[in-house]
Every structure is written in C-alpha cells, then in structure tokens.
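Chemist: Following is a predicted model, sequence given first.
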Amino acid sequence: MTNFDAMAYLRSEHAEHAAVVNALLAKVAEPFSQMVRACTDSLAKGGKILFFGNGGSAGDAQHLAAELVVKYSKDRKPLGAVALTTDTSVITATVNDFGPEHVFVRQLQAIGRKGDVAFGISTSGNSLNVIKALEAAKELGMVATGLAGGSGGKMIGLADPLLVVPSTNSARIQEMHIFLGQVLCGALERNLGLV
C-alpha cells in the first residue's frame, strides 16, 4: 500500500472538472441551440432520436434514450428514442458478418428514416463505427449530430450540430457528455410543451 492522498486527488479532479465546466458554455452554446431545434423538429413530426456510441458512450446512449422514452422531469407522453447499443444479437451478428465498423450502420439502415436524428457519441470524435454511422445517416436524409471531445476529431463537419467538450481528459469529456445529454432531454420536454 502507498501513502496515496485521496483528498488531494479529489481536490485535483474537482478543480479540473470545474475548469471544464466553466469553459463549456462558451464552446457549446450555439450548437446546443441548433441541436435542440433539430431534435424538437424531428420529434414533433413523429421522428425519433437514435443514440449510439462505444463503452461509456454506449451507456450514455442508453441513459438518454431512457430519459426520452420514459420521462426526464415529469410524467408525459413518451418520446421516440432508441439506443443502438442494446441488442447483443444484432451487434454480434453484424460484427461477425460485416465487421465492427458497421454495427450502427446496419441498424440505422433498418430503422432510421428521413428526418430522424442520428446521435453519435464519441469521446475522441474518431470512433470508426460512429463515423460510418453518421455518414450513413446523412445518406439516409437523417440529421447527423452528436457529442465529442478534444478537437472533435473526424466528427467535425460530419455531425452538425456537434457539441465538443473542451478537454482531452476522457473522464472530463464523459462527465460533460452526460451533463449535456441530460440538459438536452430537459430542453426537449420544455420545447415540445410537455412539462
């Protein structure tokens, strides 16, 4: 066992978290407003939001889809949202038959429709299966949007609007992704007049 100072570590992580929070608003304000409009337009017309990502981002995809289908702040009608990260049979069959880069593409081709929102989540902005899915979404006439971090990676110019967290630390990026996703859910309920 070492002489690890847990409190010093907590203070350091808190300070870094606070610095990212403070830098976030200026970086994402305009694209966030665009994202709310795009998602509201789709949902109001009977469309759906299709969330996807890998690892922790897959967890975020499931979390956000649940907030929209079930409820975020108050009981209201369910909103159309699906996490493309939950069907292990589809995922493993796609990986086996077509390769991991097609895991979300196949699902978008199956259930995505023109006017739906394809919502990719990637800490680096470079996850190949997320990039391929956003490309497929555009070909299908869907709105390609999402969350990234750092420089935004290959999602820049592909996902529009794109919210890029101003950090290169994966933990800080993921913290801000779930924050932004939660705020998006609340904004959608309000913009659709459901709460």
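Modeler: Right, received. Where do you want to start? Keep in mind that this is a model prediction, so the values were computed, not measured. Numbering: from 1, shown residues only.
Chemist: Could you list everything the spatially most central residue of the chain pairs with in the sheet?
Modeler: The residue lying closest to the centre of the chain (Cα atoms, centre = their mean) is Ile121, at 3.9 Å. Assessed by DSSP bridges, Ile121 has beta-bridge partners Gly53, Leu147.
Chemist: pLDDT score for it?
Modeler: On the pLDDT scale, Ile121 is placed at 98.
Chemist: what does Leu158 give?
Modeler: pLDDT for Leu158: 97.
Chemist: and if you look at Met1?
Modeler: 82.
Chemist: and if you look at Val195?
Modeler: Val195 is given a pLDDT of 88.
Chemist: do the same with Ser170
Modeler: For Ser170, the pLDDT comes out at 97.
Chemist: Enumerate every residue touching it.
Modeler: If a contact means Cβ atoms under 8 Å, 6 or more residues apart in numbering, then Ser170 has Thr123, Gly149 as its contacts. Every residue, glycine included, has its C-beta placed from N, CA and C.
Chemist: cool, and Ala159?
Modeler: Contacts for Ala159 (Cβ under 8 Å, 6+ apart) come out as Gly120, Leu134, Ala144, Thr145, Gly146, Ala148.
Chemist: Same check on Glu175?
Modeler: Contacts of Glu175 (Cβ under 8 Å, 6+ apart): His17, Val20.
Chemist: sec struct for it, please.
Modeler: Glu175 carries the three-state label helix when classified by DSSP: H, G, I helix; E, B strand; the rest coil.
Chemist: For it, give its distance to Ser57.
Modeler: Counting by Cβ to Cβ, to the nearest Å, the gap from Glu175 to Ser57 is 12 Å.
Chemist: What of Phe104?
Modeler: 11 Å.
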